[in-house]
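Enquirer: got a structure for you, letters missing:
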């Protein structure tokens, strides 16, 4: 158990809908990262937050947005969903904002868009 | 951004030592090299991290030459349970972009 909690574990929704994925980082970790992983594909970095502020941005679509709240949990919002958005979405956390520390990944949320 | 290149796949047999090399020609001075392991449908798990020379922990060793343009993850005496995808990641304090490369799919055979 990495200490990072993601909810829900599975989500099935229809095209055009909007969903919210939630991530609770390890206790004390200030940094949260979001990744998307399609079937048999690599990990696509989406976005990073550090202590409530956006720190780095990757290949995140305009239809997607994220935020980190004062209690440090984070949410990833996916809107106008398309079939191609079906994927595993991972959240990771680390103690600081730099990447010279170990990041801990959650078990992921499997999103299926039908 | 430091781009990484790894072999797409590797095969090995139980009990052998496996070495996976990652190329990162434009690594920056402040960048660290980190390796993660991922099993199907699970989140990646940290294996080892280094900056230069050699780092060893209870599961692996990481060899980094003086020019730091490549690194080699060494897994001693692999078992079937080491079958996974291994990712090399290069990032640092001035580059918070934790982008993973394509990874190396290691298959350990009996």
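Expert: Nice, thanks for sending it over. If you're wondering where the values come from, they're calculated on a predicted model, not measured in any experiment. Numbers count the residues shown, from 1 in each chain, chains lettered A, B, ... in the order given.

Enquirer: which sections of chain B are below the confidence cut-off?
Expert: For chain B, applying pLDDT under 70 flags the ranges B:1-2, B:93-97.

Enquirer: Chain A contacts on that one?
Expert: B:32, B:34, B:38, B:41-46, B:49, B:51, B:87, B:89, B:91-93, B:95-103 (CB under 8 Å from any CB of the partner chain). C-beta: built from backbone N, CA, C; applies to glycine.

Enquirer: which ones among the residues you listed are found in helices?
Expert: Per DSSP state H, helices hold no members of these.

Enquirer: The residues you listed, buried ones only, as a ChimeraX selection?
Expert: The ChimeraX command for the buried members of the residues of chain B next to chain A (criterion: 16 or more other CB atoms under 10 Å in any protein chain shown) is given here:
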select /B:32,34,38,42,43,44,45,46,49,87,89,91,92,95,96,97,98,99,100,101,102,103
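
Enquirer: Mind checking which of the residues of chain B next to chain A land in strands?
Expert: Taking DSSP state E as the definition of strands, the residues of chain B next to chain A contribute B:32, B:34, B:38, B:45, B:46, B:49, B:87, B:89, B:91, B:92.

Enquirer: between those residues, which is nearest residue A:44?
Expert: Nearest to residue A:44 among these is residue B:87, at 12.4 Å by CB to CB.

Enquirer: which residues does that closest one contact?
Expert: When contacts are counted by CB atoms under 8 Å, 6 or more residues apart in numbering or on different chains, residue B:87 is found next to A:42, A:43, B:6, B:35, B:36, B:37, B:38, B:44, B:100, B:101, B:103, B:104.

Enquirer: Could you count how many residues lie near the nearest residue to residue A:38 once chain neighbours are set aside?
Expert: Excluding the flanking residues, the one nearest residue A:38 by CB to CB, 6 or more residues apart in numbering or on different chains is residue A:87, at 4.5 Å. Using other CB atoms under 10 Å in any protein chain shown, residue A:87 has 20 other residues around it.
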